[in-house]
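*Asks:* have a look; sequence and predicted model below, questions after that.
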Amino acid sequence: MERKQPDLVLIVARSFATKLATPTLITDARGDLVFFNDAAGEVLGRPYLDVGELPVSRWQELFEPRTLDEEPLTPEQTPSGIALLERRPIHGSFVFRGLDGREREITVTAFPLFSHPDEVVGVMSIFWELPAEP
Amino acid sequence: MIVRIWGARGSLSAPGPATVGYGGNTSCVEVELADGTTLILDAGSGIRELGQRLAERDPGLLHVCLTHLHLDHVEGLGFFGPLWMSGWKLQFWGPPSATTTLRDRISRYLSPPLFPVGLSEAPAEAIFEDVPREPWRVGSALIEAETVEHRGPTVGYRIEDEGQVLVYLPDHEPYLTAALDDEPEWISGWALAARADLLLHDSQYTEDEYAHRIGWGHSSVSHAAAFARVAGVRQLGLFHHDPMRSDRELEGLYDQAADSLRGEQEPPLIAREGMEIIVGRG
């Protein structure tokens, strides 16, 4: 049994997300996906229990995030990537492919989780699916 | 490592005939390390009597590890003999704050109108530091502090001395962070408590009480037992007794914890004022 676990701020963020009805996704200090809640699972196309934790490269590959103009987004260009690297909140919209194969347009607010004034332990992203244009 | 309990009551001192068995003083635990170094865990009202005992010695260095600054964990400081005697050096460790020093936060209590004498008037040399983010050495022990789930900045302590481990989590609500029967790495305090020889853990509430106090920062007895089980500790010490709990009621709760842990680890104990525990010797 290895004595290792995430920072309490990440633990509490995850606990908070489980209780939210708003789609919420949490990444850690490396950008790896560590959790998304049931509401997020509806938008992402599959529940967290079926997906589990994913390294940043893998979840970027799975979801194929793109700008609204269909330009590919690197991990560093997504809202959660910017929040992590630039240590600031950000709001933006992009397109991705859900795990059920359906394309979706979402708007995201992502903000860094500081455990100390100089230490970011992860990012919390809350998002909404934008209604399809008529 | 010798552990002496000077106060195990939570929230408010509770003297009186109904609590005389386990004691009414709030949190304070003395830890005597293998090399003779003295650590003090929290400065509740139990520290008053500990101070009287320590004042019989020649002045020296004492380490005071504060889990958090709720009054029941610092209220004894104003009556802690060594703080008011020259020659003593007190090294205080406490939870970090993003905005205020530990000294300033403690001074809020040790200053008028809450207390007549200010901390700056104390003759002892007092040093205040936020707990380091990495384990650090005090005497013969390696100490680790981690933030844990409770209201306000709060840390728990893991003290490893010559292969024996004491973990002190007097105010802790792990159930708020995750179910206590799976995914241990997502349970507050799990890594700190893992495989401890003795875990002194919050056990303030009954199940019925907890249902009405979710989020207040404390555990029920059954949550304490479940946490001890998932952390694989050798022995659970029930701690931070509710001030309304009589000795008889405490013993009833003990039976519940003992039943729940039967066969998995050593029988739990109820922390009692005056109790001395040699950690690692069953």
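*Replies:* Right, received. Where do you want to start?
*Asks:* let me know the pLDDT of the residue positioned nearest the centre of chain A.
*Replies:* When chain A is reduced to its mean C-alpha position, the closest residue under C-alpha atoms, centre = their mean turns out to be A:Leu25, at 3.9 Å. Note on A:Leu25: pLDDT of 97.
*Asks:* secondary structure element for it?
*Replies:* strand A:24-28 (DSSP states H and E).
*Asks:* can you give the contact residues for the next helix or strand after that strand?
*Replies:* Later in the chain than strand A:24-28, the nearest helix or strand by DSSP H and E is strand A:33-36. Residues from elsewhere that reach strand A:33-36 (C-beta atoms under 8 Å, 6 or more residues apart in numbering or on different chains): A:6, A:10, A:14, A:17, A:23-28, A:44, A:48, A:51, A:53-56, A:59, A:122. Just so you know, the C-beta spots here come from the backbone N, C-alpha and C atoms, and that holds for glycine as well.
*Asks:* who in chain A is up against chain B?
*Replies:* A:1, A:3-9, A:11-12, A:14-15, A:114-117 (C-beta under 8 Å from any C-beta of the partner chain).
*Asks:* select from those the one having the most neighbours.
*Replies:* For the residues of chain A next to chain B, the largest neighbour count, defined by other C-beta atoms under 10 Å in any protein chain shown, is 25 neighbours, found at A:Ile11.
*Asks:* nearest spatial neighbour of it, skipping sequence neighbours?
*Replies:* B:Thr177 (5.0 Å; C-beta to C-beta, 6 or more residues apart in numbering or on different chains).
*Asks:* can you check which helix is longest in chain A?
*Replies:* helix A:8-19 (DSSP state H).
*Asks:* same thing with chain B?
*Replies:* Identified as the longest helix of chain B according to DSSP H is helix B:247-261.
*Asks:* buried sites along it?
*Replies:* Residues of helix B:247-261 classed as buried by neighbour count (16 or more other C-beta atoms under 10 Å in any protein chain shown): B:247, B:250, B:253-254, B:256-257, B:260-261.
*Asks:* out of those, who's nearest chain A?
*Replies:* B:Leu261 (17.9 Å; C-beta to the nearest C-beta).
*Asks:* how many other residues sit next to A:Phe16?
*Replies:* With other C-beta under 10 Å as criterion, A:Phe16 counts 15.
*Asks:* looks to me like B:Arg137 is in a strand.
*Replies:* Yes - B:Arg137: assigned to a strand according to DSSP: H, G, I helix; E, B strand; the rest coil.
*Asks:* what's the closest non-adjacent residue to it?
*Replies:* Closest residue to B:Arg137 apart from its sequence neighbours, by C-beta to C-beta, 6+ apart: B:Ile143 at 7.4 Å.
*Asks:* flag every residue of chain B that's near chain A.
*Replies:* Contact residues (C-beta under 8 Å from any C-beta) of chain B with chain A: B:96, B:98, B:133, B:146-149, B:176-178, B:184-188, B:190-191, B:194-195, B:232.
*Asks:* just the buried residues out of these, in ChimeraX syntax.
*Replies:* A single ChimeraX command selects the buried members of the residues of chain B next to chain A (16+ other C-beta under 10 Å):
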select /B:96,146,147,148,149,176,177,178,184,186,187,188,190,191,194,232
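*Asks:* now, which of the residues of chain B next to chain A lie within helices?
*Replies:* Filtering those for helices - DSSP H - leaves B:190-191.
*Asks:* remind me which residues of chain A are low pLDDT?
*Replies:* A:1, A:132-134 (pLDDT under 70).
*Asks:* correction: the previous question concerned the stretch 151-282 of chain B.
*Replies:* For the stretch 151-282 of chain B, the stretches with pLDDT under 70 are B:281-282.
*Asks:* repeat the analysis, applying 90 as the threshold.
*Replies:* Of all residues in the stretch 151-282 of chain B, those with pLDDT under 90 make up the ranges B:176-183, B:256-265, B:280-282.
*Asks:* show me where it has strands.
*Replies:* B:155-161, B:164-169, B:198-202, B:236-239, B:269-270, B:276-278 (DSSP state E, counting those that start in this stretch).
*Asks:* for the shortest one, name the packing helices and strands.
*Replies:* On a contact count with 3 or more C-beta pairs under 8 Å, 6 or more residues apart in numbering or on different chains; DSSP states H and E, strand B:269-270 meets strand B:236-239, helix B:247-261.
*Asks:* how distant is the last one from the center of its chain?
*Replies:* Between the mean C-alpha location of helix B:247-261 and the chain-wide mean there is a distance of 20 Å, by C-alpha atoms, centre = their mean, to the nearest Å.
*Asks:* touching, the residue nearest to A:Ile11 and B:Trp186? I think so.
*Replies:* Yes - B:Thr177 sits in contact with B:Trp186 when judged by C-beta atoms under 8 Å, with a separation of 6.6 Å.
*Asks:* now the closest residue to chain A within the stretch 1-150 of chain B, nearest residue through space, not along the chain?
*Replies:* Relative to chain A, the nearest point of the stretch 1-150 of chain B is B:Thr147 (4.4 Å; C-beta to the nearest C-beta). Once flanking residues are discounted, B:Thr147 sits nearest to A:Leu8: 4.4 Å by C-beta to C-beta, 6+ apart.
*Asks:* wait, what's in contact with that neighbour?
*Replies:* Neighbouring residues of A:Leu8 by C-beta under 8 Å, 6+ apart: A:115, B:146-149, B:177, B:188.
*Asks:* wait, which of these is closest to B:Leu110?
*Replies:* Nearest to B:Leu110 among those is B:Thr147, at 24.0 Å by C-beta to C-beta.
*Asks:* what about the helices in chain A?
*Replies:* All helices of chain A, identified by DSSP H, fall at A:8-19, A:38-44, A:48-51, A:56-63, A:79-86.
*Asks:* looking at these, which is buried most?
*Replies:* Comparing these by mean neighbour count (mean count of other C-beta atoms under 10 Å in any protein chain shown), helix A:79-86 ranks first with a mean of 21.
*Asks:* quick one: list the elements packing against that one.
*Replies:* strand A:24-28, strand A:90-97, strand A:103-116, strand A:119-129.
*Asks:* off-centre distance for the last one?
*Replies:* Using C-alpha atoms, centre = their mean, the distance from the centre of strand A:119-129 to the centre of the chain it belongs to is 6 Å.
*Asks:* please consider this matter closed, and thank you.
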